[in-house]
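**Student:** Okay, sequence plus prediction incoming.
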Amino acid sequence: MKYIIIGLGNYGHVLAEELSTLGHEVIGADLDEGRVDSIKDKIATAFVIDATDEQSLSVLPLNSVDMVIVAIGENFGASIRVVAMLKQKQVKHIYARAIDGVHKAVLEAFGLEKILTPEEDAARSLVQLLDFGTKMETFRVDSEYYVVKFNVPEKFVGYFVNELNLDEEFNLKLIGLKRSNTIKNCLGISLVEHKVVNELPEDAKIRPDDVLVCYGKYSDFQKLWKAL
């Protein structure tokens, strides 16, 4: 796929480099010449332009790429102006980074395909690790609802599945469970792999190495973590 990334600060730089490494064609743009120099050899093309200037923005092949990502975060005005001009130029697929609630609220008015909140997501991930004390992966469905995959807390171990009462007590739906099995590869080396258990009897006990997948509101996940 082809991407244009406008704003090559820390977030935009990593995004551009990672997408390029995966084989995508990435065009970067930033007003700072130093930022462009640091990435130009790692992506297809990089431009030193002021993206808030309509004539300069027109240099970019906006309507011949799969997506334009506005990664500008620190300059609120520049971010909004660039998004507004992209909409005016009828760019179909726009992602934009928001650094706080006000920024996000303004971006929402443009009806963008996706608003990125990397700082918020990173902060929440750290809180989950520190407070919940177990490895977690989250997928945001919308502003309220998440799918969360996490290693079972120590307090869950030994309980029957029907004793967890996640739905009744926390309004969280258990949608999957992964259980580890020890297998041997072709060299006879023992390895541990996790597989989804499609049918788990309610009287089955939770094991220390189980992984749970739940769906619900983020606020309800917070209640669960506090209870633990």
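**Tutor:** Arrived safely, thanks for sending. Only a predicted model underlies this, so the values are computations on that prediction, with no experimental measurement involved.
**Student:** can you list the domain ranges for this protein.
**Tutor:** According to the TED database, the chain is divided into the following domains: 1-115, 120-225.
**Student:** Contacts only, for residue 172.
**Tutor:** By Cβ atoms under 8 Å, 6 or more residues apart in numbering, the contact set of residue 172 is 166, 214-216, 220-221, 224. Just so you know, the C-beta spots here come from the backbone N, C-alpha and C atoms, and that holds for glycine as well.
**Student:** do the same with residue 48
**Tutor:** Residues in contact with residue 48 (Cβ under 8 Å, 6+ apart) are 29-33, 36.
**Student:** Could you rerun that using 10 Å?
**Tutor:** Shown in contact with residue 48 (Cβ atoms under 10 Å, 6 or more residues apart in numbering): 8, 28-37, 40, 56.
**Student:** which strands and helices sit next to the lengthiest strand in the chain?
**Tutor:** Secondary structure of the chain per DSSP state E: the longest strand is strand 173-184. Helices and strands touching strand 173-184, by 3 or more Cβ pairs under 10 Å, 6 or more residues apart in numbering; DSSP states H and E, are strand 145-151, helix 166-170, strand 190-196, strand 211-217.
**Student:** Listing request: residues of the chain with sub-threshold pLDDT.
**Tutor:** By pLDDT under 70, the weakly predicted segments of the chain are 123-135, 183-187, 190-192, 194, 198, 200-203.
**Student:** which stretches of it form strands?
**Tutor:** For the chain, the strands defined by DSSP E cover 2-6, 25-30, 45-48, 67-70, 94-97, 114-116, 136-140, 145-151, 173-184, 190-196, 211-217.
**Student:** partners of the first one, with directions?
**Tutor:** Sheet pairing of strand 2-6 (DSSP bridges) gives strand 25-30 (parallel), strand 67-70 (parallel).
**Student:** Distance to residue 96 and mean neighbour count added to those, as TSV?
**Tutor:** Listed next are the strands paired with strand 2-6 as TSV, based on distance: least, Cβ to Cβ, whole Å; neighbours: other Cβ atoms under 10 Å:
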stretch	distance to residue 96	mean neighbour count
strand 25-30	14	24
strand 67-70	4	24
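**Student:** possible to save those strands as JSON lines with distance to residue 15?
**Tutor:** Formatted as JSON lines, the strands paired with strand 2-6 follow (distance: least, Cβ to Cβ, whole Å):
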{"stretch": "strand 25-30", "distance to residue 15": "9"}
{"stretch": "strand 67-70", "distance to residue 15": "7"}
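**Student:** If you drop the residues flanking it in sequence, what lies closest to residue 86?
**Tutor:** Nearest residue to residue 86 in three dimensions, chain neighbours excluded: residue 94, at 5.4 Å (Cβ to Cβ, 6 or more residues apart in numbering).
**Student:** Include distance to residue 16 when you put the strands of the chain into a markdown table, please.
**Tutor:** Listed next are these as a markdown table, based on distance: least, Cβ to Cβ, whole Å:
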| stretch | distance to residue 16 |
| --- | --- |
| strand 2-6 | 5 |
| strand 25-30 | 5 |
| strand 45-48 | 8 |
| strand 67-70 | 9 |
| strand 94-97 | 13 |
| strand 114-116 | 14 |
| strand 136-140 | 23 |
| strand 145-151 | 27 |
| strand 173-184 | 33 |
| strand 190-196 | 33 |
| strand 211-217 | 32 |
